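Here's a sequence, model it:
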Amino acid sequence: MGIARFIGPREATLLAVIGVAIVAFATLSPVYLSVNNLNAVIRNSTELLAIALGLTFVMAIGGIDVSIGVAMGIAAIAIGKLLMLGIPSLVAAAAGPVVGVTLGAVTGAVIVYGRIPAIVATIGLLGIFRMVVFALLGGSWLSGLPSGLSAIFTYKIGGLLPVSYIFILAAYLVAFAIFRLTPLGTHLLAIGNSEERARLSGIAINRVRMAAYLICGGLAGMAATFYIANYRNVETGVGTTLAMDAIAAVVLGGTSIMGGRASLLGTVLGVFLIRILQNGFTIVGLPSLWQPVVTGGVLILSLIAEQVVSGLRRRTRTAPSKRAAA
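Below is the predicted model:
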């Protein structure tokens, strides 16, 4: 009964699909289940997971942010440049969330107070953020970064658990607590269900919407820290595909793209499914060109399935009332 409160049909389905994918890839390649490869899957999931958790807040209100991956890139550049200046690793890492929250505030202000549709605003900001990345990098890579941050985040507690896993687990637990234990979580979903009803019930719509984008930006800044720790370089195309992967993971996890329904656990499972598929395809030799095609296909099928399930639910609800009227 207790587990059922957290694992719904969507989460159970994702767990089953993840299990099938792991078995399939392990059958095709014995390397897949090696400790090193499984660690690589989890390590490569950290920045995507942080961004996807943030997007869950935004999508819960019916919003979207296609610029968030490149915003992470700007935060990563800030961290990298501070490291190059000899700033202590943890101080430099703290710049990530600060830059992320700042960019989240810009995004939120444009959407909330500029009254511009989220998809239009964030497409515009995506172009602006890309130009900022190019200007900061001067068209070249930021490489050869000091290893201090990598050493901290890859340090294994007890020889088993990397510090980065502790940080991402903490981010999930905080996000979960906000959704389940604070009025903000209730208000996010209320706005996603019906902004007009939420306004009539006294919810401060603009504040809640701004909070969603600030949280999303902060988690993108956290993702930048993971990115630098994992790769120790930043290139001009940084974060370009992350937003699409994150949106796919959030939708796969059961968060409605129209708002009003969200699942943080589903988001986590969606992230791992995407990274498991991408890693497996690489190991079995599928060309990288086809991997985004597969991810996009999975997202489209998920959206179709969501529409079918929603239609069946509506029919189930209306059928008794029709019979009663007859």
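
Which pLDDT value goes with the closest residue in space to Phe176 that isn't next to it in sequence?
Spatial nearest neighbour of Phe176, chain neighbours left out: Leu264 (5.4 Å); criterion: Cβ to Cβ, 6 or more residues apart in numbering. C-betas here are computed from N, CA, C, even on glycine. Leu264 carries a pLDDT value of 95.

now Leu264: how far from Leu184?
13 Å (Cβ to Cβ, to the nearest Å).

which of those two has more neighbours?
Between Leu264 and Leu184, counted using other Cβ atoms under 10 Å, Leu264 has the larger neighbour count: 25 against 16.

what sits up against stretch 293-310?
244-245, 247-248, 251-252, 256-257, 273-274, 277-278, 281, 286 (Cβ atoms under 8 Å, 6 or more residues apart in numbering).

Please read the previous query as pertaining to stretch 274-285.
Contacts of stretch 274-285 (Cβ under 8 Å, 6+ apart): 18, 21-22, 24-25, 28-29, 31-32, 37, 40-41, 44-45, 48, 245, 248-249, 252, 288, 290-291, 294-295, 298.

rerun that using 10 Å as the cut-off
Contacts to stretch 274-285, defined as Cβ atoms under 10 Å, 6 or more residues apart in numbering, come from residues 17-18, 21-22, 24-26, 28-29, 31-32, 37-38, 40-46, 48-49, 52, 245-246, 248-249, 252, 286-288, 290-292, 294-295, 298-299.

Give the rounded mean pLDDT of that stretch.
90.

what do you get for stretch 121-138?
For stretch 121-138, the per-residue pLDDT averages 95.

For that stretch, buried residues please.
121-122, 125-126, 129-130, 132-133, 136-137 (16 or more other Cβ atoms under 10 Å).

same thing with stretch 107-117?
Neighbour count says stretch 107-117 has 107-108, 110-112 buried, by 16+ other Cβ under 10 Å.

Give the rounded mean pLDDT of that stretch.
Rounded mean pLDDT across stretch 107-117 is 97.

now that stretch, how far from the centre of its chain.
21 Å (Cα atoms, centre = their mean, to the nearest Å).

First-to-last residue distance for it?
One end of stretch 107-117 to the other measures 11 Å (Cα to Cα, to the nearest Å).

Which positions within the helix or strand where Val271 lies qualify as buried?
Per DSSP states H and E, Val271 falls inside helix 264-283. Within helix 264-283, the residues that count as buried by 16+ other Cβ under 10 Å are 264-281.

now the residue nearest to Ala105 when sequence neighbours are not counted: how far from Gly108?
Distances taken as Cβ to Cβ, 6+ apart put Leu214 closest to Ala105, at 6.0 Å, once the chain neighbours are dropped. Leu214 is 6 Å from Gly108, where distance means Cβ to Cβ.

What segments of this protein are helices?
For the chain, the helices defined by DSSP state H occupy 9-28, 35-43, 46-60, 68-84, 89-112, 118-137, 148-154, 163-181, 183-193, 195-200, 205-231, 242-252, 264-283, 291-325.
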